[in-house]
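> Sequence and predicted structure below; questions after.
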Amino acid sequence: MGVRSLTGRRELLDTAQAALTGCPGVLFHGPAGIGKSVLVAALMASLATDGRSAGTVLHCSPAEEDARLPFVGLIDLFARVPESCLKALAPEPRAALRAVLLRGREPAGDQSRLAVRVAVLEVLRTLAATGPVLLVIDDLQWFDEPSAEVLAFAVRRVEGIDIRVVAAERVADGEQPERLRCCPPGTVELPVPPLADGEVAHLVRTGIGADLAPAVLRAIQDAAAGNPWYALELGRAAARDGAPVGFGRTLSVPRRLRTLLLAQVRTLPETARRTLLVTSAAARPTLTLLRAAGLHHPAADLAEAERLGVATADADGIVRFRHPLIRAAVYADAPEYSRRQAHALLAHAVTEPAEQARHLALAHPHEDETTARTLVSAAGSARRDGSPDAAFELAGLAVRRTPGDRPADRADRLLAAAEYSCDAGRLDEAGQAAETVLAESGSARQRVRARLILLRNAGQALEGARDLIEEGLRDADGDPETEAWLHHWAAVLGLLCGELEEAARHARRAARHAARAGDTDTRIGALATLARVRSLAGEPVAADAALEEALTLVGGADAGPESWGLIRMRAILALDSDMVTEARALVAGLLAEIGEFAGVEEVMATLVSLTRIQVRSGDCREALRTAARCSRAMAETGVQAAPALYAAALAAAAGGTADEARHLAEQAVRTSEADGDRLFLLRALAVLGQAELLVGDPRGAAAAVEALQRVKELGEAMSAADPPLLHWYSDLAEALVILGETDAAGAVIREARTRVSGDTPGSVLAALERAEGLREAGLGRAKEGAVRLRAAVDRLRRLPLPVELVRTLIALGAVERRSRRRNAARMVLGEALETATRIGAAPLAARARDELARLEAGERSAETGAGGPELTPTEARIAGLVGGGATNREVAAELFISVKTVEGALSRVYRKVGVRSRTALAHAMAVAVIASGAAVDSADDDQVRPPARAVMTSQLGRVRIPRALDTRR
């Protein structure tokens, strides 16, 4: 049983294993090929591994032809039953059972049938007396009826005996099993569901040991509809044939599958088979369409098909095949001339232009310029209607129908197909088409267009595409329109790679060339890119001016697709300026407007923007859903995109878990680095730092410093100065404070302050005040720190930024707690917990609960006399390690901090504890552990106390030194 066989089935297998521990049986059921037998075998293997199947296993796997043979199922089941078990039976039951097992004369009469039932029950009881008995019946639907009656009699009478049943029964989609009576009462029924598309893709890749073209894999996913056996059969056939899919070429359905699926279809009359073929060729078959296609009695024909479980027409006349693969098999089984006839009938019957053109092309599979032009027009209509996949298919057909003596038209149509393919997220097909034009076209303009498609195909990974731009500029020399296109791409490349001055220069040149050429669209795009560059450089006024110029050219924010990117840019500028409500309204309206008409890139960019806005506005649960939707959109393209990973990490840091956020952020960092995308590398590293900060301990803080220090260095190299960067400076300072690096934190804060201007948003000022307040507290000036933190809280209360408010309330509560202002701490931490819970900020809610728990533990310590000077998280960790005998260098290595930081923190610990040596500190810490343990014990006698070292070091900031050991008192 290979791991690949259980793709998508682990959870169901776990459910079955759990069910067998408390129930007498498990019955898997589902359609043919869904994986029931695989689950039965896997369940048996798992039972054998953990020893639960020790005893007697009686197994039976009947075939279809066995269903007509009386008692063959019982013969198979009892094949391993020793003769000694039969000899122990009374004479009449023994004779009856031996007869049905073909070891004696055939029984006759009702009394003999009863004797067989009694004999089987007694044999099972005899076997169970020596150990557990497991009956395994795969393909229960083929278990012959006489055997089924005997088994049903027996299993109703085994209560209290260690006899269990594992069975699998084939049923049609959505139907219930008919042989449940063959399982003991209380048996758990487990329907086996279809696999998800991603699971099908993994199964096919591992099953055939090769990667298929994305179009072929999509066709397999559509045809198999989650059935693993169908998927593997189709995948093997596709790998063997090597035939592409699309442009009229359909998926190859192997003969074995066609024979299985069409055995009954082939018994239908010729007219019914023809109706099914025309139905399979139609995109949206209805009885009305079939009559319009010239079929005389489609309803009667389909009634025959419905009787056989092949296809059906509902009350609205919509025709559906029982399974998508039956449709594919009907089409694949027909000869080519019959398919052409079906498409010819449909071309005259359908009224939708794109569908009509498709049928026309498939009915006339030869070069014809008139047909090609019809297809080109239909492709444009399909794209305008929001169907980029259909547009790509039609444009591809137009290329194949273009006469060989029109190479320029063929190249133009191939480029159109590539652009539609990009819109649909089918990057491989787009790249192949563009490469073909680049290699074959003698037109400089067409070669430039091909390079533009390859640039678009590169997504965020533009750093390696500089040659495409330089070669394109040589081809474009003297043509202002194509030069504008390429300078715009050079600006985008500069933006992503952090070369902001170069990006601004190319954006201005692109706008000028586009103005000369009268290319308003490119001019608008160049101005939008210039706005992004100026915003990142911390020049909001210049960014807004460029954006307003672009919006004027496009005709305002209501100008349709041309304004979508500009609206998104305006929303991000509003977000960075703390105008969260305005930003949310802009992007929510944009997402509703673009709907399904936009390409995958447009949808993804909008979803990433919406995720950012939802996180800042405190809609953390919705942010998780938006990020998941963004990830699904990118998964359909078959590539990992840094923006989608960044959005998922950001949402997880706000509403998921720290571990999940860290994992996603690390993926986003790796993808950004591979793409050379410094813009999203900045963001991914920032989220990684925030995720590490959520952990709240020195090790997490050290990892946060590493990530956020890279953010700072990258930002400086890019000359970036936008508001998010200043927020990340504050995060870096906070992480440094946790590590006790207060001097370094002060330097970071001072550098950030130099970048503050009159336009700096209030959230940035609040973040800096939070960092300053934590630093003051870290220096032992808790009163001054609390003042700064309260100022930050007051500032944030005036802004719609609840996540930032919660972070600051938790910081203030921690400082108040350590300063023993317990009522104040309880008030702000309670507000933080209530707000975090309400907005779905799960990680921050956990932090608030931890702080409240420490507050309560401190109060209990005070009541028992164990209170004393409290150490900061880093001080507690260092004190614990030093008390355990670690040297300063060993402590530094363990916590990823400098030896100098250890020395400074240790000096503060000595002052707080009132000792002067490492030996005295070790003694003090040992007593502190005893006191902490006593506090834990008194808090809840029913809980197991953690090890002493865990009490001392893992609950950060909780360790208190007993007053008796503080020599300064």
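Now that the structure is in, tell me what you want to look at.
> Excluding residues flanking it in the chain, which one is nearest Asp316?
Counting by CB to CB, 6 or more residues apart in numbering, Asp316 lies nearest to Thr286, which is 7.9 Å off, once chain neighbours are set aside. C-beta: built from backbone N, CA, C; applies to glycine.
> For that neighbour, give the beta-bridge partners.
Under DSSP bridges, the beta-bridge partners of Thr286 are Ile318.
> which ones are touching it?
313, 316-319 (CB atoms under 8 Å, 6 or more residues apart in numbering).
> any idea how far it is from Leu397?
Here the criterion is CB to CB, to the nearest Å. By it, Thr286 lies 24 Å from Leu397.
> Lowest average confidence across helices and strands of this structure, where is it?
helix 948-953 (a mean of 35; mean pLDDT, DSSP states H and E).
> Other residues contacting the helix or strand hosting Lys783?
According to DSSP states H and E, Lys783 maps onto helix 782-797. Applying CB under 8 Å, 6+ apart, the contact partners of helix 782-797 are 762-763, 765-767, 769-770, 772-778, 804-805, 808-809, 811-812, 815-816, 818-819, 821, 828.
> Repeat that for stretch 822-831.
For stretch 822-831, contacts defined as CB under 8 Å, 6+ apart pick out 793, 809-810, 812-814, 816-817, 848, 851-852, 855, 858-859.
> taking those residues one by one, which sit in helices?
Judged by DSSP state H, helices contain the following of the contacts of stretch 822-831: 793, 809-810, 812-814, 816-817, 848, 851-852, 855, 858-859.
> nearest to Thr835, of those?
Comparing the ones in helices among the contacts of stretch 822-831 against Thr835 with CB to CB picks out Leu809 as the nearest, at 7.5 Å.
> Apart from its chain neighbours, what residue comes closest to that closest one?
Once flanking residues are discounted, Leu809 sits nearest to Ala832: 3.8 Å by CB to CB, 6+ apart.
> Okay, that neighbour and Ala791: tell me how far apart.
Look at Ala832 and Ala791: by CB to CB, they are 17 Å apart.
> Ile137 is in contact with Val155, isn't it?
No. When contacts are counted by CB atoms under 8 Å, Ile137 is not listed as touching Val155 (10.8 Å).
> Mind listing the shared neighbours of the two?
Counting by CB under 8 Å, 6+ apart, the shared contacts of Ile137 and Val155 are 165, 182.
> Just the closest of the contacts of stretch 822-831 to Thr887, please.
Of all the contacts of stretch 822-831, Ala814 has the smallest distance to Thr887: 29.6 Å, by CB to CB.
> For the closest residue to that closest one other than its chain neighbours, the count of nearby residues, please.
Counting by CB to CB, 6+ apart, Glu851 is the residue found nearest to Ala814 once chain neighbours are left out, at 5.5 Å. When neighbours are defined as other CB atoms under 10 Å, Glu851 has 25 of them.
> how about Glu851, what does it touch?
Contacts for Glu851 (CB under 8 Å, 6+ apart) come out as 810, 813-814, 817, 825, 829, 832.
> can you rerun that using 6 Å?
Residues in contact with Glu851 (CB atoms under 6 Å, 6 or more residues apart in numbering) are 813-814, 829.
> what about the strands in this protein?
Under the criterion DSSP state E, the chain contains strands at 25-30, 56-60, 133-137, 163-170, 188-191, 311-313, 319-321.
> Take these and lay them out in TSV including distance to Asp301.
What follows is the strands of the chain, written out as TSV (distance: least, CB to CB, whole Å):
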stretch	distance to Asp301
strand 25-30	29
strand 56-60	40
strand 133-137	39
strand 163-170	27
strand 188-191	32
strand 311-313	9
strand 319-321	10
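> Tell me which of these lies nearest to Trp485.
Between those, strand 319-321 lies closest to Trp485; by CB to CB that is 45.8 Å.
> Spatially central, which residue of this protein would that be?
The centre of the chain sits closest to Ser631, judged by CA atoms, centre = their mean, with a distance of 5.4 Å.
> Show me the helices in the stretch 301-450 of the chain, by range?
For the stretch 301-450 of the chain, applying DSSP state H, counting those that start in this stretch gives helices covering 324-333, 336-349, 353-363, 369-384, 388-401, 407-423, 427-440, 444-457.
> Among those, show me which one is buried the most.
helix 388-401 (a mean of 25; mean count of other CB atoms under 10 Å).
> Relative to the whole chain's centre, how far out is it?
Distance of helix 388-401 from the chain centroid (CA atoms, centre = their mean, to the nearest Å) equals 31 Å.
> avg pLDDT for that helix?
Helix 388-401 shows a mean pLDDT of 89.
> Now do it against helix 427-440, angle only.
Interaxial angle, helix 388-401 versus helix 427-440 (axes from the mean of the first three to the mean of the last three CA atoms, to 10 degrees): 30 degrees.
> Contacts for helix 388-401, please.
The contact list for helix 388-401, computed with CB under 6 Å, 6+ apart, reads 247, 354, 361, 367-368, 371-372, 375-376, 378-379, 382-383, 410, 413-414, 416-417, 420-421, 423-424, 599.
> mind running it again at 7 Å?
Around helix 388-401, the neighbours that count as contacts under CB atoms under 7 Å, 6 or more residues apart in numbering are 246-248, 354, 357-358, 361, 367-368, 371-372, 375-376, 378-379, 382-383, 410, 413-414, 416-417, 420-421, 423-424, 426, 599.
> all helices of the stretch 551-700 of the chain, in order?
561-576, 580-594, 600-616, 620-635, 642-655, 658-675, 678-695, 698-718.
> among these, which is the most enclosed?
helix 642-655 (a mean of 29).
> Check the offset of it from the chain's centre.
Remark: helix 642-655 is offset 11 Å from the chain centroid, using CA atoms, centre = their mean.
> could you give the angle of that helix to helix 658-675?
Between the axes of helix 642-655 and helix 658-675, defined by the same axes, to 10 degrees, the angle is 160 degrees.
> Which residue is the nearest non-sequential neighbour of Ala886?
Leaving out its chain neighbours, Ala886 is closest to Glu894 (CB to CB, 6+ apart), at 7.0 Å.
> Give the burial count for the one you found, as a bare number.
For Glu894, the neighbour count with other CB under 10 Å is 16.
> before we move on, what about Ser917?
As a burial measure, Ser917 scores 9 neighbours (other CB under 10 Å).
> list the contacts for it?
Contacts of Ser917 (CB under 7 Å, 6+ apart): none.
> how far away is it from Tyr910?
Using CB to CB, Ser917 is found at 8 Å from Tyr910.
> coming back round to it: which of the strands of the chain sits closest to Ile208?
Taking CB to CB, strand 25-30 is the member of the strands of the chain nearest to Ile208, at 23.1 Å.
> counting contacts, what elements does that closest one pack onto?
If you count contacts as 3 or more CB pairs under 7 Å, 6 or more residues apart in numbering; DSSP states H and E, strand 25-30 packs onto helix 10-22, helix 36-50, strand 163-170, strand 188-191.
> So which of the ones you listed is the most surrounded?
Ranked by mean neighbour count, the helices and strands packed on strand 25-30 are led by strand 163-170 with a mean of 25 (mean count of other CB under 10 Å).
> Given it, what are its sheet partners and their directions?
Under the criterion DSSP bridges, strand 163-170 sits next to strand 25-30 (parallel), strand 133-137 (parallel) in its sheet.
> Any idea which of these gets closest to Ala517?
When the strands paired with strand 163-170 are compared by CB to CB, strand 25-30 sits nearest Ala517, at 60.8 Å.
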